[in-house]
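*Asks:* I would like to see how this sequence folds:
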Amino acid sequence: METAHLYNGLTFLAYATGIIVILVGIMLAKVLFDLSKLTRNIDETTTIVKTELEPTLKNVNKSVEIVSGIIIKTNEGVTKVKDFVSKTPLKIIGSLSKLTGKATRGFWGGLCAALKLCSKK
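*Replies:* Model (predicted):
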């Protein structure tokens, strides 16, 4: 009689294990299906981003080249002017520009302070 109970318990355990294995298999199939769908969505997104980003990067690259060329030409012009000023008696103008810069900053600072005082009232 004890062996009959033992066989019944083992049979129940076998059925329960079979059901659990089937449920786990179904869940695993669902996870793999969702993962496949996610991978397709990520692939589509990267394709869209790539097609949209390439022309933008080309435009940015052209803009950087243009700005870089302008900066190089301006730098060469400034260097030429500095060389010319250093070779002529126009050095006084350089010190004069420093003084006018300080005066201009003082003027704008005073004007801003006056506007702030007037706006408070």
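*Asks:* Quick one, grab the pLDDT at the residue nearest the centre of the chain.
*Replies:* The chain has residue 53 as the residue nearest its centroid, 12.9 Å off, counting by C-alpha atoms, centre = their mean. On the pLDDT scale, residue 53 is placed at 91.
*Asks:* give me the element it is part of.
*Replies:* Following DSSP states H and E, one finds residue 53 within helix 2-87.
*Asks:* Can you tell me which helices and strands that helix packs against?
*Replies:* helix 91-120 (3 or more C-beta pairs under 8 Å, 6 or more residues apart in numbering; DSSP states H and E). Using the backbone N, CA and C atoms, a C-beta is placed for each residue, glycine as well.
*Asks:* So for the helix it packs on, mean pLDDT?
*Replies:* The pLDDT scores in helix 91-120 average 68.
*Asks:* Pull up the gap between residue 78 and residue 68, please.
*Replies:* 16 Å (C-beta to C-beta, to the nearest Å).
*Asks:* next one: residue 42
*Replies:* Taking C-beta to C-beta, one finds residue 42 at 36 Å from residue 68.
*Asks:* same check, this time on residue 40
*Replies:* Residue 40 is 41 Å from residue 68, where distance means C-beta to C-beta.
*Asks:* Then residue 58?
*Replies:* Distance, residue 58 to residue 68, using C-beta to C-beta: 16 Å.
*Asks:* can you check residue 20 too?
*Replies:* Counting by C-beta to C-beta, the gap from residue 20 to residue 68 is 67 Å.
*Asks:* Many thanks, we can stop here.
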